[in-house]
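Student: Quick one, structure for this:
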Amino acid sequence: PEALTPVETSSRDTASAKAHRHLQVAKILEQKGRLESAVKEAGKARELAPESVEIALKLGELYCRTGRSEKALETVGEIKTARRVEEAAIHLISGWAQRQKGDLDAAEKLLLEATRLAPRSSRGFFELGKVYQAKGQSDKAMQAYYKALARIYGEDKTPEAPPQ
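Tutor: You can find the predicted model right below:
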């Protein structure tokens, strides 16, 4: 009996592991354009790991992609983080959702902060361009769209912001 090895439980059956699998499925579904199914999978992941910032951010993004701005704001509003990259993502999703709701001033403020925190964010500049376009500020919209495209095609000369 002394020679028997103790049995360890599999880490694949933890709530965290299950949540991670749901998140991975959500990302695959998103890539395939099945956004409603992706939202459901990300929602299951969030139920299993409500403290996960990564899951909350992905769910918030999916809510924006499906036009559910209130749900996006609610989801990212619950996130507690001190990391700069996560703070930038929260501002981005919040600004995106505010733009969808029609609150262009709030969206502009949030997106400017998002692009300040993450100056290489193509999505941040794209959403900022949409805000300026909706406000009728064509020159600012074109500049923001140009910055978004420069980041997508690797022509961005902006240095990465130092971590805080």
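Student: wait, isn't Leu117 in contact with Arg83?
Tutor: No. Between Leu117 and Arg83 there is no contact under C-beta atoms under 8 Å: 10.2 Å. The way it works is simple: take the backbone N, C-alpha and C, and place the C-beta from them, glycine included.
Student: And the two? Which one has more around it.
Tutor: Leu117 (20 against 11; other C-beta atoms under 10 Å).
Student: quick one: low-confidence ranges for the chain?
Tutor: For the chain, the stretches with pLDDT under 70 are 1-12, 156-164.
Student: mind listing the helices for it?
Tutor: 15-31, 35-48, 53-65, 69-77, 84-101, 104-117, 122-134, 138-152 (DSSP state H).
Student: Compute the inter-axis angle for the second one and helix 69-77.
Tutor: Inter-element angle recorded for helix 35-48 and helix 69-77: 30 degrees (by axes from the mean of the first three to the mean of the last three C-alpha atoms, to 10 degrees).
Student: for helix 35-48, packing partners?
Tutor: helix 15-31, helix 53-65 (3 or more C-beta pairs under 8 Å, 6 or more residues apart in numbering; DSSP states H and E).
Student: what sits against the closest residue to Gly95 other than its chain neighbours?
Tutor: Leaving out its chain neighbours, the residue that sits closest to Gly95 by C-beta to C-beta, 6 or more residues apart in numbering is Leu110, at 3.3 Å. By C-beta atoms under 8 Å, 6 or more residues apart in numbering, Leu110 lies in contact with His91, Leu92, Ser94, Gly95, Gln98.
Student: Please apply the same query to Ala49.
Tutor: Ala49 touches Ala15, Ser16, Ala19, His20, Ile55, counting by C-beta under 8 Å, 6+ apart.
Student: if I look at the first one, how far off is Glu74?
Tutor: Just to be clear, that refers to Ala15. 22 Å (C-beta to C-beta, to the nearest Å).
Student: Any buried residues in stretch 71-79, and which?
Tutor: Judged by neighbour count (16 or more other C-beta atoms under 10 Å), stretch 71-79 contains these buried residues: Lys71, Ala72, Leu73, Thr75, Val76, Ile79.
Student: which residues touch it?
Tutor: Contact with stretch 71-79 is made by 46, 53, 56-57, 59-61, 63-64, 86, 89-90, 93-94, 96-98, as judged by C-beta under 8 Å, 6+ apart.
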